[in-house]
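Engineer: sequence below, structure please.
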Amino acid sequence: MRQKTASARVKLNEIFTSIEGEGILFGTKTMFVRLAGCPLNCHWCDTPYALPMDSGSDYSIDAAKELISNSLHPNTYKVNFTGGEPLVQHEAVIELAKFVKQKGIKTYLESACHDTERFAKVLSHIDLVKVEFKLKDSKVVDEKYYGSLLASELDCLKLAIRSGKITYIKVVVTNSSSLKEFKELVHEVFRVAKQGEIAGFIIQPSYRIDEPTLDVLFGFYDAVYPVYDQVRVVPQLHKAIGVR
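Structural biologist: Prediction:
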């Protein structure tokens, strides 16, 4: 039997409001709810403090709701459930997303989409979805498990589209990322998604770790543009303006 909200728990690293610096919604005032724990291992991860499964502080769901209410700024566009990896604590995300939606604020899921079953459970409580595809040079998982991760990411993309969510794709690239692999990924993505079914395709350059040159970025951009002209290269803008 599922725990009642009053007794459920969540591990949070931080809750704060800032300017969204990534993706198609950059520039919006956003509350970030950063959940603790991630089973993945991206070598360019910029929130390593949130990776350990025992990191963060433990709250009851009711206490976390109160923290969200007390921290909420006026004119906040969306609440971003991030991590770590929010699907690790998917039941907590569901309860907190319900609470946010009751306040009339959009909910946003930022996930590596490694668990299709948990993603499906969370999806009905989310308005905006970023499906992040990891290239092999991210070292996200051992190479023998990479095919399973990619299949899960594609399945989550299908689910998000089928559910009618505002969905976009993000891929972090480095100077070492394989253009051949990226082209194969683009082919797989648009085998699953029609052009009008996604809200954007974001290529995000890695930051301070094996940063891609302009020519490398042109190569990735040119791999997407012929099949989908809403591709954009968007760096982490919050870092450029010196905020979290």
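
Engineer: which parts of the chain are strands?
Structural biologist: Counting by DSSP state E, residue ranges of the strands within the chain are 9-19, 29-35, 57-60, 78-82, 106-111, 128-133, 166-173, 201-205, 231-233.

Engineer: and for the last one, what's in contact with it?
Structural biologist: Spelled out, it's strand 231-233. 24, 200, 201, 202, 203, 204, 205, 217, 220, 221, 224, 225 (Cβ atoms under 8 Å, 6 or more residues apart in numbering). Glycine gets a C-beta too; all of them are placed from N, C-alpha and C.

Engineer: quickly list what the fourth one is bridged to.
Structural biologist: This means residue 202. Beta-bridge partners recorded for residue 202 (DSSP bridges): residue 170, residue 232.

Engineer: who are the contact partners of it?
Structural biologist: Taking Cβ under 8 Å, 6+ apart as the contact definition, residue 202 lies against 22, 23, 24, 168, 169, 170, 171, 231, 232, 233, 234.

Engineer: next, the spatially closest residue to residue 238 that is not a sequence neighbour: phi, psi?
Structural biologist: Here the nearest residue to residue 238 in space, its sequence neighbours aside, is residue 21; by Cβ to Cβ, 6 or more residues apart in numbering that works out to 2.8 Å. For residue 21, the backbone dihedrals (degrees, to the nearest 10) come out as phi -110, psi 0.

Engineer: doesn't residue 237 make contact with residue 21?
Structural biologist: Yes. Taking Cβ atoms under 8 Å as the contact criterion, residue 21 and residue 237 are neighbours in contact, 4.1 Å apart.

Engineer: contacts for the top helix by length along the chain?
Structural biologist: Of all the segments assigned as helix in the chain under DSSP state H, the longest by residue count is helix 143-162. The contact list for helix 143-162 (Cβ under 8 Å, 6+ apart) reads 111-116, 119-120, 123, 129, 131-134, 136, 140-141, 167, 169, 185, 188-189, 192-193, 197-198.

Engineer: mind redoing it with 6 Å?
Structural biologist: Residues external to helix 143-162 that are found in contact with it (Cβ atoms under 6 Å, 6 or more residues apart in numbering): 113-114, 116, 119-120, 129, 131, 133, 136, 141, 167, 192-193, 197.
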